[in-house]
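> Below is the structure, and that's it, no one-letter string:
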């Protein structure tokens with residue numbers, strides 16, 4: 001005797017595979033973003049800190065070279081607002097809501113009253129669950 005397969009099992013497994021693929025892609029993208037940010041941080045600031053220690057030990061670092069390394073670190077801070085919108089969709093959306101240069105023409109500009117009401121914690125709030133947060 002042959003027992004027919006239930007049609008819900010293949011759907012459940014394909015749905016769980018889709019769910020897993022979606023989350024693995026998000027995790028990969030998050031890892032890539034974090035890797036780029038940390039890599040840029042180390043490339044920009046590590047020479048400064050190594051030179052700073054060398055300067056404290058032997059005093060053999062020219063002032064001009066030390067200034068260049070300091071500004072290299074400052075450039076890292078300048079790059080963060082560029083890197084975040086490139087790799088993070090949520091950051092890009094948030095910037096688009098509040099900066100006129102980044103807003104799409106179809107999006108209405110939030111008024112000061114709506115922003116203050118949203119941030120005032122008054123009125124009914126939608127229940128939040130762990131599923132909605134994640």
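Sure thing, it's come through. The structure presented is a predicted model; accordingly, all values stated were derived computationally and were not measured.
> quick one: the helices in this structure?
Listed in chain order, the helices of the chain (DSSP state H) span 8-58, 63-87, 89-98, 112-119, 130-133.
> mean confidence score for the fourth one?
Confidence for helix 112-119, expressed as mean pLDDT, is 53.
> Including mean neighbour count, could the helices of the chain go into CSV?
For the C-beta atoms, the positions are set from N, CA and C on the backbone; glycine is no exception. Output for the helices of the chain, formatted as CSV (neighbours: other Cβ atoms under 10 Å):
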stretch, mean neighbour count
helix 8-58, 12
helix 63-87, 13
helix 89-98, 13
helix 112-119, 10
helix 130-133, 6
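> shaky segments in the chain?
For the chain, the stretches with pLDDT under 70 are 1-19, 102-134.
> ok, residue 93 to residue 84 distance?
12 Å (Cβ to Cβ, to the nearest Å).
> now residue 87, nearest residue through space, not along the chain?
residue 33 (4.1 Å; Cβ to Cβ, 6 or more residues apart in numbering).
> correction: residue 54
residue 61 (5.8 Å).
> before we move on, the earlier item: OK, contacts around the residue nearest to residue 87?
For residue 33, the residues meeting the contact criterion (Cβ atoms under 8 Å, 6 or more residues apart in numbering) are 83, 87, 88.
> Make CSV out of these and add distance to residue 42.
Conversion of the contacts of residue 33 to CSV gives the following (distance: Cβ to Cβ, whole Å):
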residue, distance to residue 42
83, 14
87, 18
88, 20
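> close enough to count as contact, residue 60 and residue 54?
Yes - using Cβ atoms under 8 Å, residue 60 makes contact with residue 54 at a distance of 6.9 Å.
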